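**Student:** Pasting the sequence and the predicted model now:
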Amino acid sequence: MMSYKISSTVILFIFVHSLPFVSSNKISSLRRRNQGTLNSDSTTTLRCAVTLVDTEYEYPAGRDLGDDDDEILCQPVVDRKMSALAYPLNLPQDFFELHKEKLFAGNRDVLIHGGYIEENVVKGITNDNVQLVRAARAVADLSGYVERSVLVVRVGALDSSPVYEAQEMSDNFFSEDRLTLRSQYSACSHGKLTFVPASGQLAGGIENGVLDIHLNLQAKDYSRLELTNEAIIETERILKTSITQVVNHVIICHPPNLRDADNWLAFAYLNQPISVYNGEWCGYVSANMHEVGHNLGFRHSNQIGSYADRTGYMGYSYNVTGWPSMCFNAVKNWQAGWFMDRAIDLDVTQGGWKGKIATFVDYHLVKADEYVLVKVGDLFLQYNRAKGMNAETFDKPNQIVIVESNTGESELIGGLDGEDFYTTYFQRQNFTGTGETLFVAICSHHFGDNKTQADYFRVFIGLDSLDCSERSGTSNEIIPVPATVSMSPTVSSQPSPSPSWIPPERGQSCDDDLSAIIVTDAGNFTCNTLSINTPLRQNVCIEGHEAYNVCAESCGKCVDGCADEDRYFLYEQQWRNCGWVRDQPYLDLNAICALGNTPHNYCRETCNSCDSFIDGNSCGDSIEDDAFSISLGISSQSHSCAWLSHSKNWFWRFALCNEKYETFHACAKTCSKCFIRSSCEDDVNSSFLLNDVQRDCSWLENEFIWTIRDACIQPNIADKCRKTCGGCV
């Protein structure tokens, strides 16, 4: 069985980087002249390029996934030249919080008046002797066709040897016959970024891009940062020059028995040339792609937690050589600039947009009216087609993937494939503060021929509207958009003042049997498995197969208006979603879904809580053939609620199941009106203290999901911001 390690990466963020590098030998000699101290004179000033270290530990390693230790480092700047060496820097907390956004932007240095480096640590810092100053900046320019040289440093010590032989290491990085750093970056960029081995003609005997160095020390006595500094010093001694003056990227492969080697995997300098690996991790392509991605300026890809976006390499890394074959999400591709000739930045406040989003895998086949990347506000979209160099993408394969970013990192929001009603459209309320709802909808799906035509989705993106001229799937059936809609008859919509809920038997509407296990020759599965496995549905969702009846809703045998909400909420002080609820043992669902618990409110499909009883009377659809009418210009058509509930009429349910239309009341069951929510709003008059800053719920509502998560697990905030925190019951 193939195993992998989760989110076990050490990331070193270097934010000041364009000044020329000062030789590490100069730094070392300064330290030696001062008995291990640099700039120890209280009248001198230490200038630091600031570095943030975010250490992610191997999982499990006595910690919860996502635990981290933040550490700030200093890269000394001497004679306007920045050293490659880095030292722990304990900035005053108030100073750091005040200036961290500027520090993270990468265009500031810190002056420490009377500061010095002693025993590999910056000392002499007080609240009054630090000053922020501007520094020049530059980042790697990836536009056009770029070739970048790579030096792999193979580190040995007195007590340990490298894991890989030199030629094996060279093959792991530079072979073009299998999945390597070189071959995959070239494939993912469609040949626009090529990594080549550093020249063997440089001083020091570089062979096939690999330099062997031997450190006269015991590796077990050194931490990862300390040994990295020693390796840089020795490499520059051998090369007789500053390390970044001869190559674009430096990959340092440490032996496996450092003092802290039991829990870190790799780290990299953001927008800088250096990445560092622990033992065997130097040979794993996912780690190489991830860390060199940081060198290129890519930040983490998250999904309710660091690294959890597995659509590309900036999520988790895996301890497997030559696997998996995938690329990067839309934020990283936008940042790299490889596909900007087929990218579009939309302003939907001026009107909706209908267009084609082709997969980046087929970039070489994309036509003039097709786009690979679409940006709207802080949302980025691309078609994550699972084929070719992206065949082994984990999350949201073959879907339009939506990610969000207004900082360096990105958050996976969702995916659309048009296979059913609930994966056909995405909505974001109060989009960019407009008070309007952004809709992204799949209109149709088209497969190319891998020769002259690209695979693409036809989509609509707009505010408070949805305008598709053909339905999802292969049909060309025209679906008109209602210009004006009038409904009849008028139905009272007064809710019961004290609604009660009686859990109905599953099957009262259209449901899967969550307790069933379908046994086949190829293996056993549940309806939950079936709901997320498209190939499996295609094989078993046929009349006559047990699954077709047992998993009626997943197989499309029937349809109802009940759906889980695609969001996170608080349950027993934990951050959960409906996927977690569905994964719980069936016998536990009654307790989890009980009235008064948040899953009952947010996971109405899984909990079967849509068909509620109001004041003792069942809430259902009108049985009239003319329950409502649709007025399209000069013509009008009457329809029944049974017509509206049919699977092919998903568009009309989306358009008409809105409380401003009478359809919502006439077809209450189909439109999921039956579920009566208790009043649940944020307390707009309250505020709270978060990270020593006074905030309120309206601020929290517009923050990234991981900020909301970290805030809402604090009971006092969750109580004040019930709606934002997902605390409604």
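**Tutor:** Received the coordinates, thanks. Residues are numbered from 1 along each chain as shown.

**Student:** OK, contacts around Pro47?
**Tutor:** Check again: residue 47 is Arg, not Pro. Contacts for Arg47 (Cβ atoms under 8 Å, 6 or more residues apart in numbering) come out as Pro76, Val77, Val78, Asp109, Val110, Leu111, Ile112, Val133. (Each C-beta comes from the backbone N, C-alpha and C, glycine too.)

**Student:** Now for Gly415: which residues touch it?
**Tutor:** Contact analysis of Gly415 by Cβ under 8 Å, 6+ apart lists Asn384, Asp395, Lys396, Gln399, Ile400, Val401, Ile402, Thr423.

**Student:** Next, the nearest residue to Tyr363 once chain neighbours are set aside: secondary structure please.
**Tutor:** Using Cβ to Cβ, 6 or more residues apart in numbering and skipping residues adjacent in sequence, the residue nearest Tyr363 is His190, 5.1 Å away. For His190, the assignment made with DSSP: H, G, I helix; E, B strand; the rest coil gives coil.

**Student:** Next SSE downstream of the helix or strand hosting Arg695?
**Tutor:** Secondary structure from DSSP states H and E places Arg695 in strand 693-696. As assigned by DSSP H and E, the chain's next helix or strand after strand 693-696 is helix 697-701.

**Student:** what comes into contact with that next one?
**Tutor:** 682-684, 686, 690, 707-708, 711-712, 717, 720-721, 723-724.

**Student:** at 6 Å instead, please
**Tutor:** Contact with helix 697-701 is made by Asp682, Ile708, Ala711, Cys721, Thr724, as judged by Cβ atoms under 6 Å, 6 or more residues apart in numbering.

**Student:** Can I get the helix or strand where the second one lies in PDB, CA atoms only?
**Tutor:** The secondary structure element spanning Ile708 is helix 705-712 (assigned by DSSP H and E). Listed next in PDB are the C-alpha coordinates belonging to helix 705-712 (Å, rounded to 0.1, in the frame of the first residue of the first chain):
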ATOM      1  CA  ILE A 705     -12.200  30.900   6.600                       C
ATOM      2  CA  TRP A 706      -9.100  30.000   8.600                       C
ATOM      3  CA  THR A 707      -9.300  33.300  10.500                       C
ATOM      4  CA  ILE A 708     -13.000  32.600  11.200                       C
ATOM      5  CA  ARG A 709     -12.100  29.100  12.400                       C
ATOM      6  CA  ASP A 710      -9.400  30.300  14.800                       C
ATOM      7  CA  ALA A 711     -11.700  33.000  16.200                       C
ATOM      8  CA  CYS A 712     -14.800  30.900  16.500                       C
END
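
**Student:** roughly how far out does it sit from the chain middle?
**Tutor:** Helix 705-712 sits 15 Å away from the centroid of its parent chain (Cα atoms, centre = their mean, to the nearest Å).

**Student:** picking that back up, looking at the contacts of helix 697-701, spot the one nearest Gln538.
**Tutor:** Nearest to Gln538 out of the contacts of helix 697-701 is Ile708 (Cβ to Cβ; 37.1 Å).

**Student:** Neighbours of that closest one, how many?
**Tutor:** Ile708 has 21 neighbouring residues, counting by other Cβ atoms under 10 Å.

**Student:** again, but for Trp580
**Tutor:** For Trp580, using other Cβ under 10 Å, the count is 17.

**Student:** Repeat that for Asn691.
**Tutor:** Neighbour count for Asn691, taken as other Cβ under 10 Å: 9.

**Student:** same thing with Glu543?
**Tutor:** Neighbours of Glu543 using other Cβ under 10 Å come to 8.

**Student:** and it, what element?
**Tutor:** Counting by DSSP H and E, Glu543 is held by no secondary-structure element, helix or strand.

**Student:** how many neighbours does the closest residue to Ser160 other than its chain neighbours have?
**Tutor:** Excluding the flanking residues, the one nearest Ser160 by Cβ to Cβ, 6+ apart is Pro255, at 3.6 Å. Around Pro255 there are 21 other residues, counting by other Cβ under 10 Å.

**Student:** Repeat that for Glu147.
**Tutor:** 9.

**Student:** ok, and for stretch 518-532, which residues are buried?
**Tutor:** Across stretch 518-532, burial judged by 16 or more other Cβ atoms under 10 Å covers Ile518, Phe525, Thr526, Cys527, Asn528, Thr529, Leu530, Ser531.

**Student:** you'd agree the fourth one is up against Glu553?
**Tutor:** No - contact criterion Cβ atoms under 6 Å: Cys527 and Glu553 do not qualify, at 8.0 Å.

**Student:** quick one: common contacting residues for the two?
**Tutor:** Contacts common to Cys527 and Glu553, judged by Cβ under 6 Å, 6+ apart, are Asp512.

**Student:** and the gap between Trp643 and Glu176?
**Tutor:** Trp643 is 58 Å from Glu176, where distance means Cβ to Cβ, to the nearest Å.

**Student:** Among the contacts of helix 697-701, which one is most surrounded by other residues?
**Tutor:** Highest neighbour count within the contacts of helix 697-701, by other Cβ under 10 Å: Cys721, with 27 neighbours.
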